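In: Generate coordinates for the sequence data below:
(4 chains)
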Number of protein chains: 2
Amino acid sequence: MKLSDGVEWALHVTTLVAFVPADQAVPAARLAEYHGVPAAYLAKHLQALSRAGILEAVPGPHGGYRLARPAAEVTVLDVVEAIDGTESAFVCTEIRQRGPAAGPPSDYRVPCGIHRVMNRADRAWRDSLRAVTIAEIAEGVVATSPAHRIEAGARWMEEVLR
Amino acid sequence: MKLSDGVEWALHVTTLVAFVPADQAVPAARLAEYHGVPAAYLAKHLQALSRAGILEAVPGPHGGYRLARPAAEVTVLDVVEAIDGTESAFVCTEIRQRGPAAGPPSDYRVPCGIHRVMNRADRAWRDSLRAVTIAEIAEGVVATSPAHRIEAGARWMEEVLR
DNA sequence: GTCCCTATACTCGGATAGCAAGTGTCCGAGTATAGGCGG
DNA sequence: CCGCCTATACTCGGACACTTGCTATCCGAGTATAGGGAC
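Out: As a prediction, the model looks like this:
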């Protein structure tokens, strides 16, 4: 079980976009070059974020992407689910109801115990991701990076928004 | 992100094997037919469980698989990791250190905030799975199934161990 | 009758094809802008 | 000089190949048993 690379990209991109002024936008190509990832492929994931209502796409010249709502209202889980889907990693195929010793469906009113455990774990995972917002991630970046690093990022952003 | 089907099979099989007396064993082919899954493919996963020290393989006639240690000492996480591996679903590729606005590695002494959040969620998931043992799963099956279902299972087991 | 030996059949174990989902890429539809033209 | 129109260039959006990892399968190595033979 490996999480798609796109999830990591989407999280970093969303964090970066959180620093874009509300009345401006950054093109997908610039976001890609900032992170050193293939532009065409990143675009695919940006579309997913747009469909999920996390990013807002602005067409035409001076267009690009920006946050569709405040960073404090976007959780890490929102981004992960936008890329990876909302369904649980574990899918119960009810194999207990198959085979020679199985009975009619009426014998299986109670959900499979294994299913319950896996679902609880999945919920714990999602709860953990839901507890953190992109705003907090962005604050953390500023708080833990050297000053000249923040400055370099700001310069890049200014250059792009020119 | 989808968890391998083999994980579900392994959990059900391990639970079933928990009912096998310590001095006997059930062949892989029987375990497969009980759950209605391809025998050749299930064998692959049984090997993984064997390598992980969860099941013990007994060769030759009257051979098969049995638990390598008490069911109360086998957690759900043990089984999941035996099939799916122990590494986290999220792999941080440090894309923050790439691109035009990046600096030298010395600027990134603090771990990536996104990485930290994802790791915490992964830990929550694993903690949740570690909290439940196969013995508890087995007890749950007995407690929630109709009496005649348990009886049918016992009959099947007796037939196989004959 | 008892012990030993051998052939047998049954078990696991790793090496080998097939397929689906994620990875990576491309070109077409739509829009705000910049320049030119007419008034 | 001002307003309008048109051509342009830039943006996102969805449709198209490729590759890695899971899915599925097979045959070979090893072992406890069952039967037969010798003592």
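
In: tell me the contacts of A:Val17?
Out: If you count contacts by C-beta atoms under 8 Å, 6 or more residues apart in numbering or on different chains, A:Val17 has them with A:Val26, A:Leu31, A:Leu55, A:Tyr65, A:Arg66, A:Leu67. From N, CA and C alone the C-beta is placed, and that goes for glycine too.

In: Would you agree the last one is in contact with A:Glu56?
Out: Yes: counting by C-beta atoms under 8 Å, a contact exists between A:Leu67 and A:Glu56, whose distance comes to 7.0 Å.

In: Which one's more surrounded, these two?
Out: A:Leu67 (21 against 16; other C-beta atoms under 10 Å in any protein chain shown).

In: List the residues that contact the more buried one.
Out: So, once contact is read as C-beta under 8 Å, 6+ apart, A:Leu67 ends up touching A:Thr14, A:Val17, A:Ala18, A:Val20, A:Ala22, A:Ile54, A:Leu55, A:Glu56, A:Val74.

In: so the fifth one touches A:Ala71, yeah?
Out: I take that to be A:Ala22. No: using C-beta under 8 Å, A:Ala22 is not in contact with A:Ala71; the gap is 10.6 Å.

In: So for the two, which residue has more residues nearby?
Out: A:Ala71 (19 against 9).

In: Now do the contacts for A:His35.
Out: Counting by C-beta under 8 Å, 6+ apart, A:His35 touches A:Trp9, A:His12, A:Val13, A:Leu16, A:Leu42, B:Ile95, B:Arg96, B:Arg98, B:Gly99.

In: Where is pLDDT lowest across the residues you listed?
Out: Among the contacts of A:His35, B:Gly99 carries the weakest pLDDT, at 89.

In: just to revisit the earlier point, of the contacts of A:Val17, which is the most crowded?
Out: If you count neighbours using other C-beta under 10 Å, the busiest of the contacts of A:Val17 is A:Leu55, which has 28 neighbours.

In: do you know how far it is from B:Tyr65?
Out: Between A:Leu55 and B:Tyr65 the computed distance is 51 Å (C-beta to C-beta, to the nearest Å).

In: what residues does chain A put near DNA strand D?
Out: A:1-2, A:25, A:27-29, A:40, A:43-44, A:46-47, A:50-51, A:57-61, A:63-65 (C-beta under 7 Å from any atom of the strand).

In: out of the residues you listed, which are inside helices?
Out: Residues of the residues of chain A next to DNA strand D located in helices (DSSP state H): A:Ala28, A:Ala29, A:Ala40, A:Ala43, A:Lys44, A:Leu46, A:Gln47, A:Ser50, A:Arg51.

In: I figured the first one hits A:Gly64, correct?
Out: Just to be clear, that refers to A:Ala28. Yes: contact criterion C-beta under 8 Å: A:Ala28 and A:Gly64 qualify, at 6.8 Å.

In: quick one, which of these two is more surrounded?
Out: Using other C-beta under 10 Å, the more surrounded residue of A:Ala28 and A:Gly64 is A:Gly64, with 24 against 21.

In: show me what contacts the more buried one?
Out: Contact analysis of A:Gly64 by C-beta under 8 Å, 6+ apart lists A:Ala25, A:Val26, A:Pro27, A:Ala28, A:Arg30, A:Ala57, A:Val58.

In: still on that earlier bit, now the two most distant members of the contacts of A:Val17.
Out: A:Leu31 and A:Leu67 (12.7 Å; C-beta to C-beta).

In: Would you mind confirming that A:Arg126 is in contact with A:Leu77?
Out: Yes: if you go by C-beta under 8 Å, A:Arg126 and A:Leu77 touch, sitting 5.6 Å apart.

In: Now the buried members of the contacts of A:Gly64.
Out: Neighbour counting by 16 or more other C-beta atoms under 10 Å in any protein chain shown classes A:Ala25, A:Val26, A:Pro27, A:Ala28, A:Arg30, A:Ala57 among the contacts of A:Gly64 as buried.
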